[in-house]
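1. give me a model of this one.
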Amino acid sequence: MYGFPNVRSFIPDRWLAQGDTVRFGNVELQVLHCPGHTPGHVVFFSDAARLAFVGDVLFKGSVGRTDFPRGDFDALMDSIRLKLWPLGDDVTFISGHGPSSTFGEERKYTPFLSGRFG
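-> Next up is the predicted model:
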């Protein structure tokens, strides 16, 4: 990995998939497959904390890029509308870049998601 000289690469025992649960300590995260930014993108959701780690699917004020190889804007929009929005407007999310927000704020104010841009 670039910038991490002491990190060794490895082959995972298995890949995470929709419906899996990741547990460490007393934390439990649901795995949501949310393709679009990349085909295998996943979101981690803690129902107890009402918190989602969304990576590059969603940002405060915008959505993830889909101009990478195999990126898919329609799949990204479906992931947001069908996987994230049903979790509730009160869910806070942490994206891969920038400040956190809530699904409710983004549903209301982000142009790509509020219907202002198609």
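2. let me see the contact set for E28.
-> 21-22, 46, 48 (CB atoms under 8 Å, 6 or more residues apart in numbering). In short, each C-beta sits where N, CA and C put it, glycine included.
3. just the buried ones from these, in ChimeraX syntax?
-> The ChimeraX command for the buried members of the contacts of E28 (criterion: 16 or more other CB atoms under 10 Å) is given here:
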select :46
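4. of the contacts of E28, which belong to strands?
-> Per DSSP state E, strands hold the following members of those: 21-22, 46.
5. tell me the one among these nearest to E106.
-> E106 lies nearest to S46 out of those, by CB to CB, at 18.2 Å.
6. which one is that closest one nearest to, not counting chain neighbours?
-> Sequence neighbours aside, L29 is the residue nearest to S46 in space, at 5.5 Å (criterion: CB to CB, 6 or more residues apart in numbering).
7. about what we covered before: reformat the contacts of E28 as JSON lines; add pLDDT and distance to S101.
-> Formatted as JSON lines, the contacts of E28 follow (pLDDT from 0 to 100; distance: CB to CB, whole Å):
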{"residue": "T21", "pLDDT": "98", "distance to S101": "25"}
{"residue": "V22", "pLDDT": "97", "distance to S101": "23"}
{"residue": "S46", "pLDDT": "99", "distance to S101": "16"}
{"residue": "A48", "pLDDT": "98", "distance to S101": "20"}
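8. farthest pair within the contacts of E28?
-> Largest separation among the contacts of E28 by CB to CB: V22 and A48, giving 13.4 Å.
9. where does the chain have low pLDDT?
-> Scanning the chain with the threshold set as pLDDT under 70 gives 1-2, 115-118.
10. what's the spacing between the spatially most central residue of it and N26?
-> Taking CA atoms, centre = their mean, the centroid of the chain lies closest to V54, which sits 2.4 Å from it. Taking CB to CB, to the nearest Å as the measure, V54 falls 22 Å from N26.
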